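Student: Sequence and computational prediction follow.
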Amino acid sequence: MRISCIVPTYNSAFYLRMGLESLTLQQLVDNVELEVIVVDDGSTDNTAAVVDAVRSANVRISYVHRPRDAYANRSRTRNLGIAKASGDVLCFLDAGVIVPPSFFQRVADRLGNEPNMVLAHETYGLYIDPEEEDMSILDDFAVERLDECMPRIQQLQSWTDPRSLSAPYIHYNLSLLPAPWTDGWSCALSVPAQLVDTAGGFDERFYGWGVEDCEFAYRLYRAGAQFRFERQAYAFHYPHPISRSAAKEQSLRDNSIQMHHMHYELDTECYVHYLGLHYQGFLEKLRTLDLSALLPAELPQQWLRDESQPTPSGRVLAIGIDRPDWIRSLGATHVFAHNEQVSSLLREQLPESDIRCLIGVDTPYEEGCFERIYISDYVRTFHPAIIRLMFSELKRIGKRIIWLRADMDASPFAEVDPVLANRLKEICRAPARSTPAPFDQEYAPSRHKRLVMEKIYWLRAMEVETIADETGLALEARSCPAPVCSC
């Protein structure tokens, strides 16, 4: 097996030297070859001299330099490395990422018989800023003694990989998560070359900071990749100053929105508003949500006859409705499904309809596209911040918004301790911080409680109507019999 290690860099000569030195110390068996490709995105420091100084007989190191221009970005740099690579496996390491001598042998062992496996390597020191953290733990650090130094580093919580907090609970099989691709960070990522070819490399339309690696991992996921959190072949991100500017945060949000506009899928739509475990919890909620507990027992027949008349444009949208007979009765030409399983079933049973997996906060449709939009009590299971976004979007794309409201105000879900429920509501309604993504920050004091809250959230009808008024949405409520069974 041949492994190509692609190292993008820009004015990081000091950190690059340590990373490359660790690559020259790799211990490989005879049937494993390693090539290293350093891609310099227009550095003005002594990067080229560092590469020359570190070259060794053990590892073939290639150096690619591209002059800096207005189109420079991380995706282009990595793609230049992909174009030069000849390996069966491509490993992406950031400049300054140091790996132990057994790293690439373990990669070869893991991926030798796993053509669809992606390794997200556990990476220590990712969020350590030497200007803020006590760095005395690295006083006697040496690249060649990485394995000896790591035990004491691993004891410090702030130096650990945040993904390691949840990974043990899923036995390091990230594919058990609703969205494993969110853990596909390119600081240390190994991918079979064939999968990279299928996915098409990194998208070069991303500028600024963030998301380009997760978008690449998302396409790997859509191509059938399985993801594993790899602890044995770990990496150490040597600390360097971290920018925490508002511009960086805004770039992350802008790139998240751009990713959604490239795909228009439910998971990319939600990714803009939920981060980390919050996002996984939200998707898991949608993946397991049973709409039978939310849909009315029946639709009023007289009202249905009046409503089902042909529309001028012929376009009618149904949201939160998974019964094919109802969708036909409502004359819906388009449906937003709340998970992939429901989406697939509806496509089989309604081949004449346009079925998309979306929640409806950011859609690809033009203003006034739909004559009517029907929503069910499904909308009451969302946080008010999401409902506001949804109502603003439905107001934009729909001419009439009709809420099929079941005659019930109590939650149809399992009973939750009232004290806990009230406390959770206090948390989720706390004032948001002033950031580009305030919704994610609302829960900062009690992040684990937010996951619980997502599963039990239920808004009273009056609260939904208040949000509609706040967003200027003329919401037409149609009272319907409550569901026969509550779950």
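Tutor: Sure, I can see it.

Student: make it CA atoms for all contacts and neighbour counts henceforth
Tutor: Will do.

Student: can you tell me the helix or strand for Ala120?
Tutor: If you go by DSSP states H and E, Ala120 is part of strand 117-124.

Student: Let me know the average pLDDT across the following helix or strand past that strand.
Tutor: Proceeding C-terminally, strand 117-124 gives way to helix 146-154 as the next helix or strand, assigned by DSSP H and E. Average pLDDT, helix 146-154: 92.

Student: Which of the helices and strands in this protein ranks last by mean pLDDT?
Tutor: The helix or strand of the chain with the poorest confidence is helix 438-441; it has a mean of 40 (mean pLDDT, DSSP states H and E).

Student: where along this structure do the strands fall?
Tutor: Using DSSP state E, the strands of the chain run over residues 2-9, 33-40, 60-65, 89-93, 97-98, 117-124, 188-192, 226-237, 316-319, 334-337, 354-357, 370-375, 398-406, 475-480.

Student: how near is Val59 to Arg2?
Tutor: For Val59, the distance to Arg2 equals 12 Å [C-alpha to C-alpha, to the nearest Å].

Student: Equivalent analysis for Leu266, please.
Tutor: The gap separating Leu266 from Arg2 is 37 Å, by C-alpha to C-alpha.

Student: rewinding a little: could you name every residue contacting both of Val59 and Arg2?
Tutor: Contact criterion C-alpha atoms under 8 Å, 6 or more residues apart in numbering; residues shared by Val59 and Arg2: 34-35.

Student: out of Leu266 and Arg2, which sits in the more crowded spot?
Tutor: Between Leu266 and Arg2, counted using other C-alpha atoms under 10 Å, the more crowded position is Leu266 (24 against 16).

Student: Go ahead and confirm the more buried one touches Cys357.
Tutor: Yes: assessed by C-alpha atoms under 8 Å, Leu266 is found in contact with Cys357 at 5.2 Å.

Student: Give me the common contacts of those two.
Tutor: Joint contacts of Leu266 and Cys357 (C-alpha under 8 Å, 6+ apart) are 338-339.

Student: Show me the shaky parts of the stretch 1-150 of the chain.
Tutor: The stretch 1-150 of the chain contains residues with pLDDT under 70 at 57.

Student: Centre-most residue in this protein?
Tutor: For the chain, the residue nearest the mean C-alpha position is Thr182 (3.8 Å; C-alpha atoms, centre = their mean).

Student: Wait, it touches Val211, no?
Tutor: No: the criterion here is C-alpha under 8 Å, and Thr182 misses it with Val211 at 9.1 Å.

Student: about what we covered before: mind checking pLDDT for the residue nearest to the centre of the chain?
Tutor: With respect to pLDDT, Thr182 scores 93.

Student: which one is it nearest to, not counting chain neighbours?
Tutor: Once flanking residues are discounted, Thr182 sits nearest to Cys214: 5.5 Å by C-alpha to C-alpha, 6 or more residues apart in numbering.

Student: Please tell me how far the one you found sits from His240.
Tutor: As judged by C-alpha to C-alpha, Cys214 and His240 stand 22 Å apart.

Student: same question, Gln26
Tutor: Separation of Gln26 from His240 (C-alpha to C-alpha) stands at 24 Å.

Student: what's the answer for Pro384, then?
Tutor: Per C-alpha to C-alpha, Pro384 is found 39 Å from His240.

Student: the more surrounded of these two?
Tutor: Between Pro384 and His240, Pro384 has the larger neighbour count (other C-alpha under 10 Å), namely 20 against 16.

Student: Cross-check the contact I'm expecting between that one and Ala468.
Tutor: No: using C-alpha under 8 Å, Pro384 is not in contact with Ala468, being 10.4 Å away.

Student: residues in contact with stretch 36-49?
Tutor: With C-alpha under 8 Å, 6+ apart as the test, stretch 36-49 has contacts from 4-13, 16, 51, 59-68, 72-73, 77-78, 80-81, 84-85.

Student: Low-confidence regions, the stretch 251-400 of the chain specifically.
Tutor: For the stretch 251-400 of the chain, the stretches flagged by pLDDT under 70 are 275-277, 300, 302-313.

Student: what do you get if the cut-off is 80, keeping everything else the same?
Tutor: For the stretch 251-400 of the chain, applying pLDDT under 80 flags the ranges 274-278, 281, 293, 296-313.

Student: can you map out the helices along it?
Tutor: Taking DSSP state H, counting those that start in this stretch, the helices of the stretch 251-400 of the chain run over residues 266-271, 276-288, 301-307, 324-329, 340-349, 384-397.

Student: Check which residues of the fifth one are buried.
Tutor: Using 16 or more other C-alpha atoms under 10 Å as the burial criterion, the residues of helix 340-349 that qualify are 340, 342-343, 346-347.

Student: again with the longest one
Tutor: For helix 384-397, burial by neighbour count (16+ other C-alpha under 10 Å) applies to 384, 386-397.

Student: Those into CSV, with extra columns for distance to Glu204?
Tutor: Formatted as CSV, those follow (distance: C-alpha to C-alpha, whole Å):
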residue, distance to Glu204
Pro384, 35
Ile386, 30
Ile387, 33
Arg388, 32
Leu389, 29
Met390, 30
Phe391, 33
Ser392, 31
Glu393, 29
Leu394, 32
Lys395, 33
Arg396, 31
Ile397, 30
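
Student: just curious, which of the residues you listed is nearest to Tyr169?
Tutor: For those, the minimum distance to Tyr169 (C-alpha to C-alpha) is 28.7 Å, reached by Ile386.

Student: Chain neighbours aside, what residue packs nearest to that closest one?
Tutor: Spatially, and ignoring its direct neighbours in sequence, Ile386 is nearest to Val361 (7.3 Å; C-alpha to C-alpha, 6+ apart).
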